[in-house]
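S.K.: need coordinates for the following:
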Amino acid sequence: MNLVDRSHQSSAKYDEQVSEFNELGIELLRRNDFIAPFVSEATIQVAAEYVNEYPIKENNCILVICKITDIFIQPDILHQDGWLDISKAGSVAINGLDGYAVAKTRKRLSYAQVDKELEELSIDNDA
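M.R.: Below you'll find the predicted structure:
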């Protein structure tokens, strides 16, 4: 089972005492000052802090608001100009509850400004 399959399976309702990391063979990574573990295989790792939550009556769900506090990335996917190449990272996006898509960069464009023509930026710069 690949990481996408194992990650999807981790959404099952496991008992509170069961570690999805152990159960599904996902290697965890501990970082100083973070309670929650990270997925070791992930090329982009994000830490978030709880801010608030709001009940949604219409579908009996809770909307949880967090703020991103830290982002850890593999150095080879960060370009010198600060652009993060999620295509090179092998990032996967979720579509709904059960669809997965792989990111593919088609092009990069210069910052949009009035009365200035767009320029295509290189994708293949050294990271």
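S.K.: CA only for contacts and neighbour counts going forward, please
M.R.: Noted.
S.K.: what's the pLDDT at residue 63?
M.R.: Per-residue confidence at residue 63 stands at 98 (pLDDT).
S.K.: okay, and it sits in which element?
M.R.: Element membership for residue 63, per DSSP states H and E: strand 61-73.
S.K.: pairing partners for that strand, with directions?
M.R.: With DSSP bridges as the test, strand 61-73 is paired with strand 44-56 (antiparallel).
S.K.: let me see the mean pLDDT of the strand it pairs with.
M.R.: For strand 44-56, mean pLDDT rounds to 97.
S.K.: what comes up buried for it?
M.R.: residue 44 (16 or more other Cα atoms under 10 Å).
S.K.: ok, residue 54 - contacts?
M.R.: With contact set as Cα atoms under 8 Å, 6 or more residues apart in numbering, residue 54 has these partners: 62, 63, 64.
S.K.: list just the nearest of those residues to residue 85.
M.R.: Nearest to residue 85, judged by Cα to Cα, of the contacts of residue 54 is residue 64 at 28.0 Å.
S.K.: isn't residue 86 right up against residue 77?
M.R.: Yes - counting by Cα atoms under 8 Å, residue 86 does reach residue 77; the two are 7.1 Å apart.
S.K.: who has more neighbours out of those two?
M.R.: Of the pair residue 86 and residue 77, residue 77 is the one with more neighbours under other Cα atoms under 10 Å, namely 20 against 17.
S.K.: hmm, the more buried one is touching residue 88, no?
M.R.: Yes - counting by Cα under 8 Å, residue 88 is a contact partner of residue 77 at 6.2 Å.
S.K.: what is in contact with those two at once?
M.R.: Joint contacts of residue 77 and residue 88 (Cα under 8 Å, 6+ apart) do not exist.
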